[in-house]
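K.L.:
Structure of the sequence below:
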Amino acid sequence: MRRAQPPGGVTFMRRAQPPAGASGPKSVATVRTFCVWSAVINDDGFFGERVAAGYDESSPEMFGPDAVDPAVDRLAGLANGGRALELGIGTGRIALPLARRGVPVHGIDLSRAMLARLRAKPDSDAIGVTIGDFATTRVDGTFSVAYLVFNTIMNLTTQASQVACFRNVAAHLDPGGCFVIEVGIPDLRRLPPGQNAVPFLISPTRWAFDTYDVAAQAMSSNYVELSSGPDGQGEYTSIPFRYVWPSELDLMAQLAGLRLRLRLRLRERWDGWTRQPFTSESRQHVSIWEKPTT
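P.N.:
Take a look at the predicted model:
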């Protein structure tokens, strides 16, 4: 999930991040005003100017070399001298270092505000961009590798749009080209019997939790934050996603004419970019599908 950032520094999509910026203890009893903010789709989707302004700062660990370098190494190897297509390119966290490795990169993103941040960075003029919904938007030419990272597939909140994304990617790939997705495993094992919420942050001023509708395969990330100001204002945010299982992604790939990539008779599905084994205890995976050559 690419988590955007609502007012107050809360991060949503691309894995839930806790609200940032609040400090100092404050009890619930001191709250006088409670403001409600929910994600509203506009011309930039969920990633408008208020989100884009602090996006890079909202998840600093995801911009560090430990997170970026292994992903870039793997994608550069899959590109193998060809072009790369990033779906949901955002502010260029992966695209820029990949382009600096000599890989021609083109990106698709709905948000002009996010793309403006990309364009403000050094070397961004080497990257082509197309504004649009990455589930359906077509660009010129074909590519050796296409990729969706940081859980961004779950920004597509219906199964139909996720299937359409696979078909769109398949139409862009060269024969033998690869589609790479990095996405988390839903935390359903953490749900207590009879409950539908999983907390991932609890502090004196900030609370965050995911809720699940298992029947609909839907989830939302929810944040409550109390400000440190004298008026004691608070804020609540809720953002929807659609979680997806590895086997379901494999079926989407099959419907699009792709197949899970095999190397040395091993499936190309790993626990992370450094190719740790994917197991029953994995909380995320990096999976690679390929377009047949015949």
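
K.L.:
C-alpha only now, for contacts and for neighbours.
P.N.:
Fine.

K.L.:
What is the subsequent helix or strand relative to the lowest-mean-pLDDT helix or strand in the chain?
P.N.:
None of the helices or strands of the chain scores lower by mean pLDDT, DSSP states H and E than strand 34-38, at a mean of 46. Counting by DSSP states H and E, the element after strand 34-38 in chain order, helix or strand, is helix 49-52.

K.L.:
helices or strands up against that next one?
P.N.:
If contacts are counted by 3 or more CA pairs under 8 Å, 6 or more residues apart in numbering; DSSP states H and E, helix 49-52 sits against helix 112-119.

K.L.:
which residues are contacting the strand of greatest length in the chain?
P.N.:
Scanning the chain for the longest strand, with DSSP state E as the assignment, gives strand 173-184. Identification of contacts with strand 173-184 by CA atoms under 8 Å, 6 or more residues apart in numbering yields 1, 15, 78, 142-153, 169, 272, 283-294.

K.L.:
where does the stretch 51-200 of the chain dip in pLDDT?
P.N.:
Flagging of the stretch 51-200 of the chain using pLDDT under 70 yields an empty set of residue ranges.

K.L.:
what about the strands in it?
P.N.:
Assigned by DSSP state E, counting those that start in this stretch, the stretch 51-200 of the chain shows strands spanning 84-87, 105-109, 128-131, 143-148, 173-184, 197-202.

K.L.:
Dump stretch 197-217 to CSV, keeping only the CA atoms.
P.N.:
Extracted in CSV, the C-alpha atoms of stretch 197-217 (Å, rounded to 0.1, in the frame of the first residue of the first chain):
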residue,chain,number,x,y,z
ALA,A,197,-9.2,-4.4,14.2
VAL,A,198,-5.4,-4.8,14.4
PRO,A,199,-3.6,-1.9,16.2
PHE,A,200,-0.1,-1.0,15.0
LEU,A,201,0.6,2.2,17.1
ILE,A,202,-0.4,3.1,20.6
SER,A,203,1.1,6.1,22.4
PRO,A,204,-0.1,8.9,24.7
THR,A,205,-1.0,11.1,21.7
ARG,A,206,-1.3,8.8,18.7
TRP,A,207,-3.3,5.6,17.9
ALA,A,208,-3.4,3.7,14.6
PHE,A,209,-5.2,0.5,13.6
ASP,A,210,-6.2,-1.4,10.6
THR,A,211,-9.8,-2.7,10.2
TYR,A,212,-10.7,-5.7,8.1
ASP,A,213,-13.9,-6.7,6.3
VAL,A,214,-13.0,-10.3,5.5
ALA,A,215,-16.1,-11.0,3.5
ALA,A,216,-15.4,-8.1,1.2
GLN,A,217,-11.6,-8.5,1.3
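
K.L.:
Quick check: buried residues in that stretch?
P.N.:
Across stretch 197-217, burial judged by 16 or more other CA atoms under 10 Å covers A197, V198, T205, R206, W207, A208, F209, D210, T211, Y212, Q217.

K.L.:
again, but for stretch 244-254
P.N.:
Quick answer for stretch 244-254 (16+ other CA under 10 Å): V244, P246, L249, D250, M252, A253, Q254.

K.L.:
Tell me the spacing between the fourth one and F134.
P.N.:
Distance of D250 to F134, given as CA to CA, to the nearest Å: 19 Å.

K.L.:
Any idea how far apart the tips of stretch 143-162 sit?
P.N.:
Stretch 143-162 has an end-to-end distance of 20 Å (CA to CA).

K.L.:
Inside helices: which ones of the buried residues of stretch 244-254?
P.N.:
Within the buried residues of stretch 244-254, residues falling in helices by DSSP state H are P246, L249, D250, M252, A253, Q254.

K.L.:
Name the nearest residue to the fourth one, ignoring sequence neighbours.
P.N.:
So that's M252. V163 (5.5 Å; CA to CA, 6 or more residues apart in numbering).

K.L.:
Is it correct that that neighbour is in contact with Q254?
P.N.:
No. Checked against CA atoms under 8 Å, the pair V163 and Q254 is beyond contact range at 10.0 Å.

K.L.:
so who does A113 touch?
P.N.:
D44, F47, G48, E49, A52.

K.L.:
about what we covered before: out of the buried residues of stretch 244-254, who's nearest V224?
P.N.:
Comparing those against V224 with CA to CA places V244 closest, at 25.7 Å.

K.L.:
where's the closest one relative to M219, distance?
P.N.:
V244 sits 10 Å away from M219, going by CA to CA.

K.L.:
With W207 instead?
P.N.:
Separation of W207 from M219 (CA to CA): 17 Å.

K.L.:
What strands flank whatever helix or strand T237 lives in, and is each parallel or antiparallel?
P.N.:
For T237, the element it lies in under DSSP H and E is strand 234-241. Sheet pairing for strand 234-241, assigned by DSSP bridges, gives strand 34-38 (parallel), strand 218-226 (antiparallel).
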